[in-house]
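1. All I have is the shape, not the residue letters:
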């Protein structure tokens, strides 16, 4: 076990939350790679949208395709000072492709903070979950939401008039970071009418492979992202018969596709030093650089997987500042 992990001191509230999430996750994941949806929904506390502005923010839900339960929650700052043009962040949540939704309290709290602190208009996407819906459903849902927004945003009731679709950022944590990457690949040849993606915010993205990285073997007692759990998630997500060297998992592995010619925005990769997936995330960053992409890395040595969901932690304010700085820098480059 890592020395840093053994000496990690967390607030009791954070410890209790991490234990509850881990236990809840494990009891809902069955050995036959199915999910106890009744129990997982019971444990997933929900938050309604902010129909009335709260602390300078409103939110509401928009249906994209009811037949597949494809929808998003939109967060818009309402302060008078927010009359100027705001960037758009399209957010894909984590949860191993298996859990969570935009109205999950933990995710709703995070997106509220992002919208207020950046500030930005945030769209949090409800994509279909595995194992009921396997690869590539999640990528298709993400791409379809982008096309929906691009089609005619003015027709969406309540869509903020001050959002700048030419300043669009894709963002995702964990599995959502994986989805954001593959959404860029799917939209590589697509010509958007209004939308322009100028940045990708990849927060501890969920990648892997058949080989075992040093960080996976060293951080065996890290919170949340243990090898047993991540292996189970890949089995639930991938097409039957696939292994972890599938190109959706091992981005620069033996079966990967060449992305050197794919149009890619600038990308910021966030890595935690106590995340077993950190070596995969660093390999992702290095692969992007070798492929000629504009990539940046932020690493927080004492951050575990999903640290960004806990504002009590010192890394949270660093994370928000780094996201804000990245968005500001890319917007300035676009303006120049």
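-> Thanks, I have the structure now. None of these values were measured; they are calculated from a predicted model. Residues are numbered from 1 along each chain as shown.
2. And the host helix or strand of residue 319, what does it pack against?
-> Using DSSP states H and E, residue 319 sits within helix 314-335. Helices and strands touching helix 314-335, by 3 or more Cβ pairs under 8 Å, 6 or more residues apart in numbering; DSSP states H and E, are strand 86-92, helix 105-117, strand 163-173, strand 197-203, strand 266-272, strand 295-300. Glycine gets a C-beta too; all of them are placed from N, C-alpha and C.
3. try 6 Å this time
-> Judged by 3 or more Cβ pairs under 6 Å, 6 or more residues apart in numbering; DSSP states H and E, helix 314-335 is in contact with strand 197-203.
4. List the contacts of residue 106.
-> Applying Cβ atoms under 6 Å, 6 or more residues apart in numbering to residue 106 gives the contacts residue 309.
5. circling back to that earlier point, can you list the neighbours in contact with the helix holding residue 319?
-> For helix 314-335, the surrounding residues in contact (Cβ under 6 Å, 6+ apart) are 87, 117-118, 167, 198-199, 266, 268, 298, 300, 303, 307-308.
6. same thing but 7 Å
-> Applying Cβ atoms under 7 Å, 6 or more residues apart in numbering, the external contacts of helix 314-335 come out as 87, 117-118, 120, 167, 169, 198-199, 201, 266, 268, 270, 296, 298, 300, 302-303, 307-308, 310.
7. got it, and stretch 122-132?
-> 33-35, 68-75, 88-93, 97-98, 101-102, 107, 111, 114-115, 137-138, 141-142, 145, 236-237.
8. now these: which count as buried?
-> 33, 35, 70-75, 88-93, 97-98, 101-102, 107, 111, 114-115, 137-138, 141-142, 145, 236-237 (16 or more other Cβ atoms under 10 Å).
9. give me the number of residues near residue 299?
-> Residues lying near residue 299 (other Cβ atoms under 10 Å) number 15.
10. which non-adjacent residue is nearest it?
-> Nearest non-adjacent residue to residue 299, counting by Cβ to Cβ, 6 or more residues apart in numbering: residue 271, 4.5 Å away.
11. give me the number of residues near the one you found?
-> Neighbour count for residue 271, taken as other Cβ under 10 Å: 24.
12. so what's residue 39 closest to, chain neighbours aside?
-> residue 28 (5.3 Å).
13. From residue 46, how far off is that neighbour?
-> 16 Å (Cβ to Cβ, to the nearest Å).
14. what do you get for residue 93?
-> For residue 93, the distance to residue 46 - Cβ to Cβ - is 13 Å.
15. Quick one: low-confidence residue ranges for the stretch 1-150 of the chain.
-> 1-7, 80-83 (pLDDT under 70).
16. what do you get if the cut-off is 80, keeping everything else the same?
-> For the stretch 1-150 of the chain, the stretches with pLDDT under 80 are 1-8, 79-84.
17. ok so, going back, from memory the residue nearest to residue 39 sits against residue 35, does it?
-> Yes. Between residue 28 and residue 35 a contact is recorded at 5.6 Å, counting by Cβ atoms under 7 Å.
18. of residue 28 and residue 46, who's got more company?
-> residue 28 (20 against 11).
19. and the more buried one, what does it touch?
-> Counted by Cβ under 7 Å, 6+ apart, residue 28 has contacts 35-36, 39-40.
20. Give me the PyMOL select line for those, limited to the buried ones.
-> Selection of the buried residues among those in PyMOL, burial being defined by 16+ other Cβ under 10 Å:
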select buried, resi 35+40
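21. which two of the contacts of residue 28 lie the greatest distance from each other?
-> Farthest apart among those by Cβ to Cβ are 35 and 39. That separation is 8.7 Å.
22. which residues does residue 164 contact?
-> Neighbours of residue 164 in contact, by Cβ under 7 Å, 6+ apart: 85-88.
23. Contacts for stretch 52-59 next, please.
-> Stretch 52-59 is contacted by residues 49-50, 73-79, 112, 115-116 when judged by Cβ under 7 Å, 6+ apart.
24. Start and end of that stretch, how far apart?
-> Using Cα to Cα, to the nearest Å, one end of stretch 52-59 lies 8 Å from the other.
25. Now do it: distance to the chain's middle.
-> Mean-position distance between stretch 52-59 and its chain equals 23 Å (Cα atoms, centre = their mean, to the nearest Å).
26. What residues sit buried inside it?
-> So, applying 16+ other Cβ under 10 Å, buried residues of stretch 52-59: 57-59.
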